[in-house]
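Participant: mind looking at a prediction? Sequence and model below.
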Amino acid sequence: MNKNLPRVYVSPINKELRNNKDVFYSSESRHESNINIPQKINEIFANPHHVYKSKVHITTKDNSFDTVIVGQNNHELLTLDGSRININDLIDIERI
């Protein structure tokens, strides 16, 4: 042991670490299991390219489609054509 080096205190870790994401890979596609939908929606609306509307690809538990979103309320996304998409039904949303 080298006597020139100082002693360092190492604090024990006595809790579960959650600083990584669980990722599931299949032959068809890659899907992150911990997707934060409200955070992704906020990032789309906070994007400097979003002035009034954003074209997005939405995946719900029933289907997948492209649409243009213009706003949101507490529980729904509002689209340019006047339809409403329930945020609780979303599996993924990506800006195109």
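Facilitator: The structure has been received and is ready for your questions. Predicted model, so just to flag it, every value in this text is computed and none were measured.

Participant: helices and strands of the chain: which one has the lowest mean pLDDT?
Facilitator: Lowest mean confidence among the helices and strands of the chain (mean pLDDT, DSSP states H and E): strand 30-32, at a mean of 51.

Participant: buried set for the helix or strand just after that one?
Facilitator: Later in the chain than strand 30-32, the nearest helix or strand by DSSP states H and E is helix 37-46. Within helix 37-46, the residues that count as buried by 16 or more other Cβ atoms under 10 Å are 41, 44. Quick note: C-beta positions are derived from backbone N, CA and C, even for glycine.

Participant: in terms of secondary structure, what does the longest strand along the chain contact?
Facilitator: Identified as the longest strand of the chain according to DSSP state E is strand 64-72. When contacts are defined as 3 or more Cβ pairs under 8 Å, 6 or more residues apart in numbering; DSSP states H and E, strand 64-72 sits against helix 37-46, strand 54-60, strand 76-79.

Participant: now the ones you listed in a markdown table, with distance to residue 95?
Facilitator: A markdown table is the format used below for the helices and strands packed on strand 64-72 (distance: least, Cβ to Cβ, whole Å):
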| stretch | distance to residue 95 |
| --- | --- |
| helix 37-46 | 5 |
| strand 54-60 | 5 |
| strand 76-79 | 13 |
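
Participant: that'll do, ta.
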